[in-house]
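*Asks:* With the sequence up front, the predicted model follows.
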Amino acid sequence: MKEHIAACVQIAVEPNQIQLNIDKCCHWLEKAVKEYEAELVVFPESITTGFAPNMPIEEFYEILQPIPGGHTEQIQRLAKELGVHVVLPLYERGQEKNVVLNSSVLIDDTGEILANYRKTHPFPTERLGGGGWTTPGNSTVVVDTKLGKIGMIICYDGDFPELSRVLALKGAEIITRPSALLRSYEIWEMVNKARAYDNHVYMLAANAVGPDAGKNYYFGHSMIISPIAQTLALARGTEEIIAAKLDPNPIKDISYGTKSPMIFDHLEDRNVRAYEGILQEGKSSFEPARRIPYK
């Protein structure tokens, strides 16, 4: 990994006004590069539409496009012009009728799409099988870029430690987590810090702000967390950019502001013999208010 400046751009959408939101992303992308010298920019989840479409899936499917396509081309051209890497999260029109994927696209500084991650853990009410609108992906993504090895997750994926661990084992140095989180700030902060610290990775967590078409209101507070769980940058509850310089040697010291050496590695120090049975289905011993079976 090379030293570079990473940024999260936290902006509100006009629900389902795709072209307007793409134009707005372009404006803020330019701002992140020119004012913050950002080399990697992450936008919040489903930035071209907002999270909840609040329309029948048949109508929603018709306003989407495949990837790559008309909803990525403008950002690809601008990424090339500005020489910046971009994580652009958006809904993707699947090949089969009414298949909608919650995707996150990594565009490099030449405008090429390096990867397209499809959310593997949609929120229960988001899943088509739970009465929602998205179909889960089943693949993990870690990409070796000019900046470093980037792993990709989306929002609720962050609640599943196994997923971030797999990305770290595949070499991820940075995990991007575009989100539209509707739980508490404490949960948001705790999960971002835990996944960063568990796996010794940088966590770039860009959260939505403002309302979507379903009248859900998002609280922002995007954050950049270091591999020793230090908050390097923290947004407020409004539109703004946060940025931080990422050090390629982040686990030499056990904490920030000290020279006390760090002498452990969570990946190397695992006792894998103790994990037998982890790859099986299960459920909590406690009952939630309502269960939405995974279909």
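*Replies:* On my side now, so go ahead. Treat the numbers as computed from the prediction; the structure is a model and nothing was measured.
*Asks:* Tell me how many other residues crowd the nearest residue to Arg93 once chain neighbours are set aside.
*Replies:* Excluding the flanking residues, the one nearest Arg93 by C-beta to C-beta, 6 or more residues apart in numbering is Leu64, at 3.8 Å. Every residue, glycine included, has its C-beta placed from N, CA and C. As a burial measure, Leu64 scores 21 neighbours (other C-beta atoms under 10 Å).
*Asks:* again, but for His221
*Replies:* His221: 19 neighbours (other C-beta under 10 Å).
*Asks:* In which helix or strand does it reside?
*Replies:* Of the helices and strands defined by DSSP states H and E, none includes His221.
*Asks:* So it is in contact with Ser184, correct?
*Replies:* No - applying C-beta atoms under 8 Å as the test, His221 and Ser184 come out as separate, 10.6 Å apart.
*Asks:* that older thread, got a list of what the residue nearest to Arg93 touches?
*Replies:* By C-beta atoms under 8 Å, 6 or more residues apart in numbering, Leu64 lies in contact with 71, 91-93, 100.
*Asks:* among those residues, which two are most distant?
*Replies:* Greatest spacing in the contacts of Leu64, by C-beta to C-beta: His71 and Val100 (12.8 Å).
*Asks:* Would you mind telling me which of those two has the busier surroundings?
*Replies:* It is His71, of His71 and Val100, that has more neighbours when counted by other C-beta under 10 Å, with 24 against 21.
*Asks:* any idea how far the more buried one is from Ile18?
*Replies:* His71 is 6 Å from Ile18, where distance means C-beta to C-beta, to the nearest Å.
*Asks:* quick one on the thing from earlier: so can I have a markdown table of the contacts of Leu64 showing distance to Arg165?
*Replies:* Shown next, in a markdown table, are the contacts of Leu64 (distance: C-beta to C-beta, whole Å):
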| residue | distance to Arg165 |
| --- | --- |
| His71 | 32 |
| Tyr91 | 27 |
| Glu92 | 26 |
| Arg93 | 31 |
| Val100 | 28 |
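*Asks:* As TSV, the residues you listed with pLDDT, secondary structure and distance to Val191 would be great.
*Replies:* As requested, the contacts of Leu64 are arranged in TSV below (pLDDT from 0 to 100; DSSP: H, G, I helix; E, B strand; the rest coil; distance: C-beta to C-beta, whole Å):
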residue	pLDDT	secondary structure	distance to Val191
His71	98	coil	29
Tyr91	98	strand	23
Glu92	98	strand	25
Arg93	98	strand	30
Val100	98	strand	25
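*Asks:* so how far is Val166 from Tyr197?
*Replies:* The value you get for Tyr197 to Val166, if C-beta to C-beta is used, is 17 Å.
*Asks:* Ala79 now?
*Replies:* 27 Å.
*Asks:* who's more crowded, those two?
*Replies:* Ala79 (25 against 15).
*Asks:* looking at this, that one is in a strand?
*Replies:* No - read with DSSP: H, G, I helix; E, B strand; the rest coil, Ala79 is helix and lies in no strand.
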